[in-house]
Each structure stands twice: as structure tokens, then as C-alpha cells.
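# Sequence first, then the predicted structure, then my questions.
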Amino acid sequence: MNSELPNLSVVVLAYQSAETIPQFVESLIACLEPAEPNWELVLVGNYMENSGDRTPDVVTSLAEKDPRIRVVAKVKQGMMGWDMKSGLKAATGNVIAVIDGDGQMPVEDVVRVYRKLKDENLDFAKTYRVQRDDGSYRKIISSVYNVIFQLLFPGLNSRDINSKPKAMTRAAYEKLDLQSNGWFIDAEIMIQARRLQFKLGEVETVFHSIDSRPSFVKPTSIVEFLANLIWYRVLEFFPRHKK
């Protein structure tokens with residue numbers, strides 16, 4: 001394997017995706033090759049102990065076929081935030097992107113946000129969803145959530161806080177101090193991007209529905225989101241305690 005650091009690391013959150021992740025990875029590589037040949041993938045196959053989840057075996061098998069694919073597969077100590085942090089920590093690229101591996105977000109978006117970041121010399125680039133195919137309930141919840149975020153944290157040029165893929169320079173990533181182990185991780189990233197005054201850009205995307213599994217985001221997560229938003233807003237008034 002080339003000792004040179006990759007230009008782009010793509011962290012793929014692959015929780016419970018044993019059946020679908022091989023096709024996702026194949027499609028992602030097909031997009032990356034012509035756009036940025038110097039890439040690496042970090043497949044995050046963290047799993048619940050004694051769950052019978054085959055994802056760790058599947059992602060390990062994929063990595064054995066390509067030295068540019070790395071694997072993080074540990075017993076889970078948290079939810080999506082913990083998975084994301086473990087993948088980001090393992091990434092070695094000059095630019096780091098993160099995307100869910102369930103297929104709801106087009107793999108082509110990784111290249112689009114990467115080009116946006118590079119072409120405009122940004123610190124951070126991401127998507128925003130102009131169309132959602134995952135139902136009116138999720139669409140309404142997302143809209144309300146984004147409005148509340150903008151009211152509490154004005155001035156951030158972002159229309160869709162939770163949308164991925166998100167891409168950032170290594171210098172930007174190293175300035176972050178991420179604490180969330182749950183679903184709040186996307187908002188925490190954006191709160192810190194606002195505080196650190198990152199140069200940020202967005203590209204529009206379409207969010208697809210998924211039929212292979214139920215959503216991992218439960219109604220209790222909505223309460224968690226709102227409580228965390230209020231708490232992080234309070235922390236804004238106490239600089240020494242900012243996360």
C-alpha cells in the first residue's frame with residue numbers, strides 16, 4: 001500500500017447493513033475512482049454484543065480484497081455518534097467525508113461535496129435535502145428541527161443540519177471536540193463549525209426511502225435532540241465549558 005496519505009477518506013457508517021453494504025461500497029468506489037483515485041474507505045461495522053449481526057464479517061471481507069479499505073468493528077458503546085467518532089478517528093486522509101451506508105443518500109454526493117470543498121477552498125461542505133422520500137412525518141420533524149436550530153444558533157449558513165455526506169479538511173476535523181455518542185452528533189458538528197467560523201458550503205440532494213430495515217431514529221430521539229439543542233445553547237454563554 002502507498003505510504004502517501006490519501007487525499008480523501010470516506011467514513012461509511014455501516015451499522016446492521018450486512019446485506020446491502022457490498023453493493024453500496026461497489027457503487028461508492030465506482031464514483032470515487034474517476035474523481036479522486038487517491039482515496040480510502042473506513043467501513044464502520046460496530047455491533048451490539050451477542051446480536052448476531054454479520055456486518056463485521058462482511059466489511060472485513062471487503063477490506064481483505066482492497067488495501068484501500070479499512071475496518072472499524074467494535075462492540076458498541078453508543079449509537080450513531082459513537083460510530084461516527086470511531087470512524088473519523090481511524091481516517092487518515094487530508095479530507096474526511098462521512099456518509100451513512102444505508103443507501104438513503106446517493107454515493108455520488110461524496111464526490112460532489114468533495115469537489116465543492118476543494119474548488120471553493122472551504123473548511124467544510126455538506127448536502128441539504130430538497131426532496132425527501134422517507135415520509136411526511138420525518139419531513140415535518142426535520143423541518144421543525146432545522147427551524148429550531150436556526151433560532152437557537154443563528155448565522156450558520158446551513159439549511160439542513162443532519163444531512164450527509166459531510167466533508168471537512170483534516171485541519172477542520174482536528175479543531176472539533178466531539179462528545180456526543182448518540183444521534184445529536186450531526187448537530188454538535190454544526191454547532192462547533194459555527195463557533196469556529198468554518199467556511200461552509202452546501203449542495204442539494206435527494207433523500208431516498210429505505211425498505212430493508214426500520215428507522216433507527218425513535219420518537220425518544222426527538223426529545224433528545226431538543227434537550228441537547230437547548231443545553232448546547234446554554235453552554236454558549238459559558239465559554240470555558242463549551243463542547
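Sure thing, it's come through.

# what about this protein, any weak spots by pLDDT?
For the chain, applying pLDDT under 70 flags the ranges 1-3, 134-135, 209-221, 239-243.

# cutoff 50 now
1, 243 (pLDDT under 50).

# which residues of it fall in strands?
Under the criterion DSSP state E, the chain contains strands at 8-13, 39-44, 69-72, 95-100, 124-132, 166-169, 200-207.

# What are the buried residues along the longest one?
Right, the one you point to is strand 124-132. Residues of strand 124-132 classed as buried by neighbour count (16 or more other CB atoms under 10 Å): Phe124, Ala125, Lys126, Thr127, Tyr128, Arg129, Arg132. Every C-beta, even on glycine, is put in place using the N, C-alpha and C of the backbone.

# so what's the residue positioned nearest the centre of the chain up against?
Centroid-nearest residue in the chain, with CA atoms, centre = their mean: Val98, separated by 3.8 Å. For Val98, the contacting residues are Val10, Val11, Val12, Leu13, Met84, Gly87, Leu88, Lys164, Pro165, Lys166, Ala167, by CB atoms under 8 Å, 6 or more residues apart in numbering.

# What is the burial count for the closest residue to the last one other than its chain neighbours?
Read it as Ala167. Nearest residue to Ala167, sequence neighbours excluded (CB to CB, 6 or more residues apart in numbering): Ala97, at 4.0 Å. Using other CB atoms under 10 Å, Ala97 is surrounded by 25 other residues.

# Lys126 versus Ala97, what's the distance?
The gap separating Ala97 from Lys126 is 9 Å, by CB to CB, to the nearest Å.

# Overlap of the contact sets of those two?
Common neighbours of Ala97 and Lys126 (CB under 8 Å, 6+ apart) are Val113, Pro165, Lys166, Ala167.

# Out of those residues, who's the most crowded?
Counting neighbours by other CB under 10 Å, Ala167 comes out on top of those with 32 neighbours.

# Columns distance to Trp183 on top of the strands of the chain, output as CSV?
Supplementary listing: the strands of the chain in CSV, determined by distance: least, CB to CB, whole Å:
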stretch, distance to Trp183
strand 8-13, 12
strand 39-44, 15
strand 69-72, 19
strand 95-100, 12
strand 124-132, 16
strand 166-169, 14
strand 200-207, 16
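
# Tell me which of those sits nearest to Ser51.
strand 39-44 (15.4 Å; CB to CB).

# so how far is stretch 93-101 off the chain centroid?
The chain centre lies 7 Å from the centre of stretch 93-101; the measure is CA atoms, centre = their mean, to the nearest Å.

# Enumerate the positions of that stretch that are buried.
Gly93, Val95, Ile96, Ala97, Val98, Ile99, Asp100, Gly101.

# Same question for stretch 167-175.
Those would be Ala167, Met168, Thr169, Ala172, Tyr173, for stretch 167-175 by 16+ other CB under 10 Å.

# Okay, and the beta partners of the residue nearest to the centre of the chain?
When bridges are called by DSSP bridges, Val98 pairs up with Val11, Lys166.

# So it versus Phe149, what's the distance?
From Val98 to Phe149 the distance is 19 Å (CB to CB).

# Give me the number of neighbouring residues for the closest residue to Met48 other than its chain neighbours.
Spatially, and ignoring its direct neighbours in sequence, Met48 is nearest to Lys76 (5.5 Å; CB to CB, 6+ apart). Neighbour count for Lys76, taken as other CB under 10 Å: 17.
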